[in-house]
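In: quick one: sequence and predicted model below, then my questions.
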Amino acid sequence: QVQLVESGGGLVQAGGSLRLSCQASGRTLNNYRVGWFRRAPGKEREFVAAISWHNWSTRYADSVKGRFAISRDNAKNTVYLQMNTLKPEDTAVYYCATDSQVYRDLTVPGYDYWGQGTQVTVSS
């Protein structure tokens, strides 16, 4: 079983940047897709970005396209979410997630393992 720990959240002014990290332990992230999600106060959890197991494909929510970038460092067993030009509406707890099954396509719904989340607050 894999454990996921998010870090890198914090308080930033609108227009600023943050880089979130998702560190895995207990199992490699190689050959598994990884996604980032967020939950804003009073709202349901929503998809933000995902990276395929082979690193050739990424997907983004329309609300973050052109501002966020997902990447992975297999040697460090870590996935990153670079967030630029942050807006107050990006304020949320951000979670990373991965699968129990290898080689899942990005279009398959549902992830099996989740981290505890990291808070991102963007002030106006």
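Out: Great, that's in hand.

In: buried residues, stretch 2-22. List them.
Out: Across stretch 2-22, burial judged by 16 or more other C-beta atoms under 10 Å covers 2, 4, 6, 8-9, 12, 18, 20-22. From N, CA and C alone the C-beta is placed, and that goes for glycine too.

In: end to end, how far does it reach?
Out: By C-alpha to C-alpha, to the nearest Å, the extent of stretch 2-22 from end to end equals 12 Å.

In: circling back: out of the buried residues of stretch 2-22, the closest to Trp53 would be?
Out: Val2 (13.5 Å; C-beta to C-beta).

In: identify the residues contacting the closest one.
Out: Contacts here follow C-beta atoms under 8 Å, 6 or more residues apart in numbering; on that basis Val2 touches 24-27, 29, 98, 113.

In: give the buried subset of these as a ChimeraX selection command.
Out: Buried members of those, defined by 16+ other C-beta under 10 Å, are picked up in ChimeraX with:
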select :24,29,98,113
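
In: helix, strand, or coil at Glu89?
Out: Put simply, Glu89 is helix when judged by DSSP: H, G, I helix; E, B strand; the rest coil.

In: that one - how many residues pack around it?
Out: 11 (other C-beta atoms under 10 Å).

In: now the buried residues of stretch 2-22 as CSV including secondary structure?
Out: Shown next, in CSV, are these (three-state DSSP):
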residue, secondary structure
Val2, coil
Leu4, strand
Glu6, strand
Gly8, coil
Gly9, coil
Val12, strand
Leu18, strand
Leu20, strand
Ser21, strand
Cys22, strand
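
In: quick one: which of these is nearest to Ser124?
Out: Val12 (11.2 Å).

In: quick one: the closest one from Thr98, how far?
Out: 26 Å (C-beta to C-beta, to the nearest Å).

In: ok, Asn30 next?
Out: As for Asn30, its distance to Thr98 is 11 Å (criterion: C-beta to C-beta).

In: same check, this time on Trp114
Out: Taking C-beta to C-beta, one finds Trp114 at 8 Å from Thr98.
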